[in-house]
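1. Got a predicted model here, sequence first, then my questions.
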Amino acid sequence: MEMDNLGDAEEAHMLNGSVSESLNTDRATLDDGYEAEEPASQEQEGFLQHVSSQKTHFTDFEGKTSFGMSVFNLSNAIMGSGILGLAYAMSNTGIILFVILLICIALLSAYSIHLLLKCSGVVGIRAYEQLGMRAFGPAGKILAALIITIHNVGAMSSYLYIIKYELPLVIQTFLGLTEKTGDWYLNGNVLIIIVTILIILPLALMKHLGYLGYTSGFSLTCMVFFLCAVIYKKSVIPCPLNNSTSTEHFTYTNGYNATEEQCKPKLFTVNTESAYSIPIVAFAFVCHPEVLPIYTELRRATKQRMQNVANLSILAMFIMYLLTAIFGYLTFYGRVESEMLHTYMLVDPLDTLMLCVRLAVLVAVTLTVPVVLFPIRRAIQQLLCPGQDFRWWRHILIAICLLFAVNLLVIFIPNIKDIFGVIGATSAPSLIFILPSIFYLRIVPTEKEPLFSRPKIQAAIFASLGFVFMIMSLSFIIVDWVTIGKSNVGGH
């Protein structure tokens, strides 16, 4: 009888252990999409210890940012100065071809984020640089950090360039001045320093990216106002316009004349500028350096929850991009400038509505700079002091040095458009296509997904597409330098 009781107890214990192991395995499967491996080796035991301690190494706190604020932050990271060039891209591809291109880039961007989140879930890491470390060792970590730094410094510089050249014109118009004077408040170099110290730096000194959700929401509101103005202007600006036409004081200057034939929308078109449409659209969706920091700070963070944040953000920006491009193109057709706001100013430099729109765009790009700065600071910290506890002096020092360097770049280099073209043609495809794919191929274990499995074949093709895109973009830029002497590539 006693032996029977012992046997029953042992059987019950084994059953409980089996159920517990099954629940743990199911939980791991739900979290990461892969079954949990038994820690049968020292390497696996070390890996599990690494996962359990990753919160102290890669996050300073438990995620507290809500789903909505995360969507605002990621949408603000996606939204860039590239939106001003989308109507120009449509004019050089046609409506149908542009819509196909926009859909493809949006889907590819979402797939790229899916690969990043898969890698992050497998190894328990939520830092882009540490994914590079896990995949290729120190060389991978350095490569990822450098690409993120180069791309985001270029993005910050492009935003400050918009402030440098647009803010003096806005102030000049508000003051009713017909000519630019030598006063300090009309000096773009002085104005970007003032804006950096008074607005950008205080926001960049915040400890957590999640706090910028409020400014990101306001920034997106400014861009929605820009979109509404573009839609409204389609109904009040007639086509064709010529120098003798006057409708609500809208007249083209600088010989901007349009005929009836030029006012017909084109569904498909190919010209010498069509090749630049792909970089313009692709750069407008670059947000990948910000994905993992936002994932780190997301409340109740799971892979699926963060993927939903990314999908919703990309969908919202896709709608904004599409509407901006369509209504901007249907207003000016083939006459739209590569920077759309400039086209409206050619129609009427004193237009009050478009003046407010320019001011709203200035506010939007100003509030975007701190969001872009966060991944650069994280990359520098991962290179110089990985695993160290948070220190306010280091947090502040890196922000000040970065903003100081970017301001110097914007002030002393008169035209870095071509440099931005090269940076965009190399860093953007690396962040969207190449790095997420090769990380996925290296990090996801072959026993879970063999090298010739469908997901890994797709990732390999995705990486190859990135290399093709990079070579093609650089080739067009070089040809443009040789034949025209300037680059027309727009960036994020």
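-> Thanks, I have the structure now. Numbers count the residues shown, from 1 in each chain.
2. The closest residue to L315 other than its chain neighbours and I100, how far apart?
-> Nearest non-adjacent residue to L315, counting by Cβ to Cβ, 6 or more residues apart in numbering: A106, 7.8 Å away. C-beta coordinates here come from the backbone N, C-alpha and C atoms, glycine included. Plainly put, A106 is 11 Å away from I100 if you go by Cβ to Cβ, to the nearest Å.
3. Which one of these two is surrounded by more residues?
-> A106 (21 against 12; other Cβ atoms under 10 Å).
4. tell me the phi and psi of the residue nearest to L315?
-> Backbone torsions of A106, given as degrees, to the nearest 10, read phi -60, psi -40.
5. That one touches S313, doesn't it?
-> No: counting by Cβ atoms under 8 Å, A106 does not reach S313; the two are 10.5 Å apart.
6. which residue packs closest to G140, ignoring adjacent ones?
-> Closest to G140 by Cβ to Cβ, 6+ apart is G132, at 3.4 Å.
7. For the one you found, give me its contacts.
-> G140, K141, I142, L143, A144, A145, L435, F439 (Cβ atoms under 8 Å, 6 or more residues apart in numbering).
8. was I right about the third one contacting Q382?
-> No: counting by Cβ under 8 Å, Q382 is not a contact partner of I142; they are 9.6 Å apart.
9. more neighbours, those two?
-> Neighbour totals were compared for I142 and Q382, and Q382 leads with 23 against 17 (other Cβ under 10 Å).
10. How far away from the center of its chain is whichever strand or helix holds the more buried one?
-> Assessed by DSSP states H and E, Q382 sits inside helix 352-384. Here helix 352-384 is found 11 Å from its chain centre; the criterion is Cα atoms, centre = their mean, to the nearest Å.
11. What distance do you get for I294 to F374?
-> Counting by Cβ to Cβ, the separation of I294 from F374 is 9 Å.
12. These two - which one has more neighbours?
-> For I294 versus F374, neighbours defined as other Cβ under 10 Å are more numerous around I294 (30 against 23).
13. what sits against the spatially most central residue of the chain?
-> Among the residues of the chain, the one closest to the centroid is C287, at 2.3 Å (Cα atoms, centre = their mean). For C287, the contacting residues are L74, A77, I78, S109, S313, by Cβ under 8 Å, 6+ apart.
14. Output the residues you listed in a markdown table; the columns should cover neighbour count and distance to V347.
-> Formatted as a markdown table, these follow (neighbours: other Cβ atoms under 10 Å; distance: Cβ to Cβ, whole Å):
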| residue | neighbour count | distance to V347 |
| --- | --- | --- |
| L74 | 29 | 34 |
| A77 | 29 | 32 |
| I78 | 28 | 29 |
| S109 | 25 | 33 |
| S313 | 26 | 33 |
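15. Out of those residues, which one has the lowest pLDDT?
-> Within the contacts of C287, pLDDT reaches its minimum at A77, with 78.
16. buried ones in the helix or strand where that one lies?
-> Element membership for A77 (DSSP H and E) is helix 67-78. Residues of helix 67-78 classed as buried: M69, S70, V71, F72, N73, L74, S75, N76, A77, I78 (neighbour count, 16 or more other Cβ atoms under 10 Å).
17. wait, the last one sits on L315?
-> No: the criterion here is Cβ under 8 Å, and I78 misses it with L315 at 10.5 Å.
18. which SS state does P265 fall under?
-> coil (DSSP: H, G, I helix; E, B strand; the rest coil).
19. burial measure for it, as a count.
-> Neighbours of P265 (other Cβ under 10 Å): 14.
20. Quick one: distance of the helix holding A77 to the chain centre.
-> Worked out by Cα atoms, centre = their mean, helix 67-78 lies 11 Å from the chain centre.
21. what's in contact with it?
-> For helix 67-78, the external contacting residues (Cβ under 8 Å, 6+ apart) are 65, 209-210, 212-214, 216-217, 219-220, 284-287, 290-291, 294, 297-299, 305-306, 308-310, 312-314, 316-317, 367-368, 371-372.
22. pull the CA atoms of it into CSV?
-> What follows is helix 67-78 as a C-alpha-only set of coordinates in CSV (Å, rounded to 0.1, in the frame of the first residue of the first chain):
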residue,chain,number,x,y,z
PHE,A,67,0.6,52.0,-27.4
GLY,A,68,-0.7,55.3,-28.7
MET,A,69,2.4,57.3,-27.7
SER,A,70,4.6,54.6,-29.3
VAL,A,71,2.6,55.0,-32.5
PHE,A,72,3.1,58.8,-32.4
ASN,A,73,6.8,58.4,-31.8
LEU,A,74,7.3,55.9,-34.6
SER,A,75,5.1,57.9,-37.0
ASN,A,76,7.1,61.0,-36.2
ALA,A,77,10.3,59.1,-36.9
ILE,A,78,8.9,57.9,-40.3
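23. In contact with N271, which residues?
-> Neighbours of N271 in contact, by Cβ under 8 Å, 6+ apart: N92.
24. you'd agree it is in a strand?
-> No: N271 is assigned coil when assessed by three-state DSSP, not a strand.
25. quick revisit: next helix or strand past the strand or helix carrying the residue nearest to G140?
-> Take DSSP H and E as the rule and G132 turns out to sit in helix 128-136. Next helix or strand after helix 128-136 toward the C-terminus (DSSP H and E): helix 138-174.
26. which residues are in contact with the next helix or strand after that next one?
-> Counting by DSSP H and E, the next helix or strand C-terminal to helix 138-174 is helix 188-195. For helix 188-195, contacts defined as Cβ under 8 Å, 6+ apart pick out 160, 163-165, 167-168, 171, 184-185, 366, 407, 410-411.
27. If we use 10 Å, what do you get?
-> Residues outside helix 188-195 that contact it (Cβ atoms under 10 Å, 6 or more residues apart in numbering) are 159-171, 183-185, 187, 200-201, 362, 366, 369, 403-404, 406-407, 410-412.
28. Which among those count as buried?
-> Counted by 16+ other Cβ under 10 Å, the contacts of helix 188-195 give 159-164, 166-171, 187, 200-201, 362, 366, 369, 403, 406-407, 410 as buried.
29. Show the low-confidence segments of the stretch 251-400 of the chain, by residue range.
-> Within the stretch 251-400 of the chain, the ranges that satisfy pLDDT under 70 run 251-262, 272-276.
30. Phi, psi for N187 please.
-> With angles defined as degrees, to the nearest 10, N187 sits at phi -90, psi 110.
31. Just list the residues touching it, thanks.
-> Per Cβ under 10 Å, 6+ apart, neighbours of N187: K164, P168, K180, T181, I193, I194.
32. can you redo the residues you listed as TSV with distance to A459?
-> Shown next, in TSV, are those (distance: Cβ to Cβ, whole Å):
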residue	distance to A459
K164	40
P168	47
K180	52
T181	57
I193	44
I194	46
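33. For these, point out the one with the lowest pLDDT.
-> Within the set of those, pLDDT is lowest for K180 (70).
34. just to revisit the earlier point, which residues are common contacts for I78 and L315?
-> Shared contacts of I78 and L315 (Cβ under 10 Å, 6+ apart): A106.
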